[in-house]
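Asks: Predicted model follows, preceded by the sequence.
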Amino acid sequence: MIIGIYDSGLGGLSVWRELRQRIGAQLVYFGDTAHLPYGDKSPGQLLEYFRASLAFFQSRGCHTVVVACNTTSSVVLPRVQHELLLPAMGMIEGAVEAVAAVGGQRIGVLATKATAASGVYQRALEEGLPGSQVFVEPAPRLVPLVEAGLVAGPEAEDALKQYLAPLLSQGIDSLLLGCTHYSFLAASIQKLLDGKVQVIDPAPAVARKVEAACSKAAPAGAGTEFWVSAQPEKFKATAELILGEELPLVQLHTWREENC
């Protein structure tokens, strides 16, 4: 079995990191770095990028795709899930399960602008956890910081304080990281919250769902192909910085947008 992992850039590596520990299948990672950040893109643009990326995954022989991008999971997948030729699993269900496991009642969510505007987490969490209250805060500065490798230090702290303040004023008891990029800011977030709020990274829950759905995956030992749509050298260098490990060659795949 070959499993594709899709994101706008580095964020999906948080899911890849969890998934490779659970599944021995060959993995194909594609980061659409030519178009990041996704949070400020229109639904039409996001759909275009997703369709083109699915064609790429098909060309690599993938049997299923993990959409390790909350923005695409919330804005695109609900519109196209019924027509996809490749099975695709998004972030939302796993994230809701992760929040339910913690059992919070006043839930803060950090998300991209597009995810926040979609209302997907408000609906999913209020339906999955009756009686809970959900407060969503758009955090557009965070993805560029992660893509620059600035996951700690003054710039990251300043941005996080800006976005956490309105959520803390609501008395939240748990905080969902509603963008896979934000997983790499978890240590900085936990430091600022000082144990007063439970921080929830949905990546492990999503990886467990993929593991359950792909029980026939190959034995351990298969590797990962890494592909991006722009600046592979920069992606590799920053990925190695935030992961703390060396990656294999990152390859370049581009497409002509007018043909998407």
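Replies: Arrived safely. Residues are numbered from 1 along each chain as shown.
Asks: for the protein, which residue is closest to the average position?
Replies: Thr180 (2.9 Å; C-alpha atoms, centre = their mean).
Asks: Would you confirm that that one contacts Trp16?
Replies: No. Thr180 lies out of contact with Trp16 (C-beta atoms under 8 Å); the separation is 9.4 Å. (Each C-beta comes from the backbone N, C-alpha and C, glycine too.)
Asks: okay, and the common contacts of these two?
Replies: Applying C-beta atoms under 8 Å, 6 or more residues apart in numbering, one finds that Thr180 and Trp16 are jointly contacted by Ala68.
Asks: coming back round to it: now do the residue nearest to the centre of the chain against Val206, distance only.
Replies: As judged by C-beta to C-beta, to the nearest Å, Thr180 and Val206 stand 9 Å apart.
Asks: residues shared between the contacts of these two?
Replies: Joint contacts of Thr180 and Val206 (C-beta under 8 Å, 6+ apart) are 15, 68, 91.
Asks: Please point out which parts of stretch 67-82 sit buried.
Replies: 67-77 (16 or more other C-beta atoms under 10 Å).
Asks: Over to stretch 138-147?
Replies: 138-140, 142-147.
Asks: all helices for this protein, in order.
Replies: 13-19, 43-59, 70-75, 77-80, 92-102, 113-118, 120-128, 142-147, 154-168, 186-193, 203-213, 232-243 (DSSP state H).
Asks: Which of those sits closest to Val28?
Replies: Nearest of the helices of the chain to Val28, taken as C-beta to C-beta: helix 43-59 at 6.5 Å.
Asks: Gly131 - how many residues pack around it?
Replies: Neighbour count for Gly131, taken as other C-beta atoms under 10 Å: 6.
Asks: who are the neighbours in contact with the closest residue to it other than its chain neighbours?
Replies: Among residues not flanking Gly131 along the chain, Gln105 sits closest, at 6.7 Å (C-beta to C-beta, 6 or more residues apart in numbering). When contacts are counted by C-beta under 8 Å, 6+ apart, Gln105 is found next to 129, 131-133, 173.
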